[in-house]
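In: Structure for the following, please:
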Amino acid sequence: MGNSKLDNSNISKHLGQSSQYKSTYDKGLLVREPRSNNREYLNIFDDALPFVGSDTWNAYECSFLLKSGRPVTGIVKCIYSCSSTYIVESKSIKLYFNSFNMTKMGADNDVAVKNFEEIAANDLSALLGTDVVVSFHSGERVNKKFSSPGGEWDIEDYINVDLLETGDYTFEKYTESPELLEAVIRSTELEQRFYSGLLKSNCRVTSQPDWGDVFIHIKSKNAVDAHSILKYVVSFRDECHFHEEICECIYKRLQDAFDPSELLVMCLYARRGGIDINPVRASSDELIQRFAKPLVDPEMIHIKTSKQ
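Out: Take a look at the predicted model:
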């Protein structure tokens, strides 16, 4: 991948800039970025995506008013497909949600929440040219909808590569290095799952650090060397990309290196500016339902990992 080959010409309207926070609704604050900026370098093209998946955004600092002036606060969850031409720029959506702070949305809580969800979904769908699902979770709705990682998403079901002994190995590569991935050819397929909490990259525009956890499910005749996954994840440490691009890069490199019959990559990022971004890419929707269902369920706000 490499920072020297990035297309950073499309500098954001808000990211890295001083911004005035508006407190009344303004959809004009929203900004989109084309996904194609860095897909082409990986030979990923919008008309023939090698994966399915979605991006899930959780915004923890959202509030609006009832007709009486009483505030309502909660968590907003937004989900949209990775097949969209655009992604929403992170600071713009933060400014957008903040613009509801002094906006009256309805006579009672249910009406106000419904109005907010409809307005936000319509605005984001129009911006991105795809259906965006928006759900607002507050009060009892939050308490009842929290889900632990649990089940097939339990970290205990994954090989935690962070705990592997590395002996005398010296980590020296901090820009994405797919040559670090190693395979052992087998006569039969092997199903493997890996986890690492060492994922770290930097924002493509501001260079601020992004911290994440990566989950990998892979089934292939080319068995994956766990140590090579550790080395590869660490190699992102000095990369400058958006969260979605990191996830897609990991997916494409694993696909190219191991020719799997099943592959899923899920990156759960720590929140920054009150928002966390969580992309998942997979070879089938069935894998997403098995391993990432809480992430793509609009009615569920999930407890993820210690970072989140």
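In: Contacts only, for the residue of the chain most remote from its centre.
Out: Distance from the C-alpha centroid of the chain, by C-alpha atoms, centre = their mean, peaks at residue 68 (36.5 Å). Neighbour list for residue 68: residue 107 [criterion: C-beta atoms under 8 Å, 6 or more residues apart in numbering]. Backbone N, C-alpha and C define where each C-beta goes, glycine included.
In: Can you point out the buried residues in stretch 83-101?
Out: For stretch 83-101, burial by neighbour count (16 or more other C-beta atoms under 10 Å) applies to 84, 86-101.
In: And for residue 196, the neighbour number?
Out: Neighbour count of residue 196, defined by other C-beta atoms under 10 Å: 22.
In: Could you check the one helix or strand it maps to and say which residues are buried?
Out: For residue 196, the element it lies in under DSSP states H and E is strand 183-202. For strand 183-202, the neighbour count (16+ other C-beta under 10 Å) marks 192, 193, 194, 195, 196, 197, 199, 200, 201, 202 as buried.
In: Who are the packing partners of that strand?
Out: If you count contacts as 3 or more C-beta pairs under 8 Å, 6 or more residues apart in numbering; DSSP states H and E, strand 183-202 packs onto strand 159-160, strand 209-224, helix 226-234, helix 243-258.
In: Swap in 10 Å and give it another go.
Out: strand 159-160, strand 209-224, helix 226-234, helix 243-258, strand 262-269 (3 or more C-beta pairs under 10 Å, 6 or more residues apart in numbering; DSSP states H and E).
In: Just checking the distance from that strand to the centre of its chain.
Out: 19 Å (C-alpha atoms, centre = their mean, to the nearest Å).
In: per-residue confidence for residue 184?
Out: Note on residue 184: pLDDT of 87.
In: ignore the last one, residue 8
Out: 43.
In: how far away is the spatially closest residue to residue 267 that is not a sequence neighbour from residue 156?
Out: Excluding its sequence neighbours, the residue lying closest to residue 267 (C-beta to C-beta, 6 or more residues apart in numbering) is residue 247, at 4.4 Å. Distance of residue 247 to residue 156, given as C-beta to C-beta, to the nearest Å: 23 Å.
In: ok, the two, which is more surrounded?
Out: Comparing residue 247 with residue 156 by other C-beta under 10 Å, the one with more neighbours is residue 247, at 28 against 7.
In: Please list all residues in contact with the more buried one.
Out: Residues in contact with residue 247 (C-beta atoms under 10 Å, 6 or more residues apart in numbering) are 51, 53, 55, 82, 199, 212, 214, 241, 265-269, 277-281.
In: Reformat the helices and strands packed on strand 183-202 as TSV; add distance to residue 34 and mean pLDDT.
Out: Output for the helices and strands packed on strand 183-202, formatted as TSV (distance: least, C-beta to C-beta, whole Å; pLDDT from 0 to 100):
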stretch	distance to residue 34	mean pLDDT
strand 159-160	36	95
strand 209-224	20	96
helix 226-234	27	97
helix 243-258	11	97
strand 262-269	20	97
